[in-house]
Every structure is written in C-alpha cells, then in structure tokens.
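**Student:** please work out how this folds:
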Amino acid sequence: MSNNIKGECLLNREGNILPFAYYNPETEGKLTWMCGEDAEGKITSVFCFDMGTHKEKQCEYVDDIEKARWMRDELVKHGWQKIKPPEVTFRFPGEKDPRTLNRKEKRAMKRYVEKQVEKTGLDEK
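**Tutor:** Next comes the predicted model:
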C-alpha cells in the first residue's frame, strides 16, 4: 500500500458544481471572484481586490445556482480565468508516486480533523 497522499481541489470542478473561483488576468491576479455556499447554505458571491496592504471585498447573496453560473459565464466572456490552486501532495519515505486518499483514509482523516477542531476550539464562534 502506498503512503503518498495527493489533495483534491474543490474549486472549478467539472459539472458546474460550486464553488467557482476566477481571476482577472488584466489585474495580474489582484482582482478575484469566488462563488460558493456559506455556512448557512446560501450562495455567496465575493469579489476581492488585493490592495497590497489590505483587501477590499464586495459580497452579495445570489438567488440560485443558475444566476451563479450566469455570473461565471459573463466573467469568462470578458477574459477571466480559472484560479489554479497549488497542487498539494504528501509523500512518505519509501514511496514513489502521489495518490488520492481512498474511502477508509478519508474517513480516518475526517475523524482526525474533527478531533483536532474539538481539541483546539476552532469550531466555536
């Protein structure tokens, strides 16, 4: 069994599934747009401009997934491109190739993360 782990990206997946993440190349990536569900399950659109010292954000709720797709399609028509997150790979001694987690490993990782969140109190508001 291989001990290498490769993280899977949730952004811009096939099948028009949220979340979407795009940037405007004319601004050298300083203007971005993300659209996804918030903690309450509402679809939220966020434009963010990186000013260098701080970020300006414009947030709004989107009525439905169709409007979110329309917004994404309009941005793409105007030259916006998908944000490409860095590939995250975990390698362990003695293993050659990275791989994604299997079902058992994903469940174990989820339990581990939940325990860490409880332990550190990060889930408290």
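**Student:** downstream of the lowest-mean-pLDDT helix or strand in the chain, the next helix or strand is which one?
**Tutor:** Every helix and strand of the chain was ranked by mean pLDDT, DSSP states H and E. The lowest is strand 5-6, at a mean of 57. For strand 5-6, the following helix or strand on the C-terminal side (DSSP states H and E) is strand 20-23.
**Student:** may I have that next one exported as PDB, CA atoms only?
**Tutor:** The C-alpha coordinates for strand 20-23 follow below in PDB (Å, rounded to 0.1, in the frame of the first residue of the first chain):
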ATOM      1  CA  PHE A  20     -16.300  28.700  -8.600                       C
ATOM      2  CA  ALA A  21     -13.100  30.700  -8.400                       C
ATOM      3  CA  TYR A  22     -11.800  33.100 -11.200                       C
ATOM      4  CA  TYR A  23      -9.300  36.000 -11.500                       C
END
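**Student:** now do the helix or strand just after it, average pLDDT.
**Tutor:** Once strand 20-23 ends, the next helix or strand along the chain (criterion: DSSP H and E) is strand 31-37. Mean per-residue pLDDT for strand 31-37: 94.
**Student:** low-confidence ranges, this structure, go.
**Tutor:** Residue ranges of the chain with pLDDT under 70: 1-9, 86-101, 120-125.
**Student:** which one's the longest helix in it?
**Tutor:** As assigned by DSSP state H, the longest helix anywhere in the chain is helix 103-120.
**Student:** could you name the helices and strands sitting against it?
**Tutor:** Using 3 or more C-beta pairs under 8 Å, 6 or more residues apart in numbering; DSSP states H and E, no helix or strand is in contact with helix 103-120. C-beta coordinates here come from the backbone N, C-alpha and C atoms, glycine included.
**Student:** which parts of it are buried?
**Tutor:** Within helix 103-120, not a single residue qualifies as buried, counting by 16 or more other C-beta atoms under 10 Å.
**Student:** no further queries at this time; thank you.
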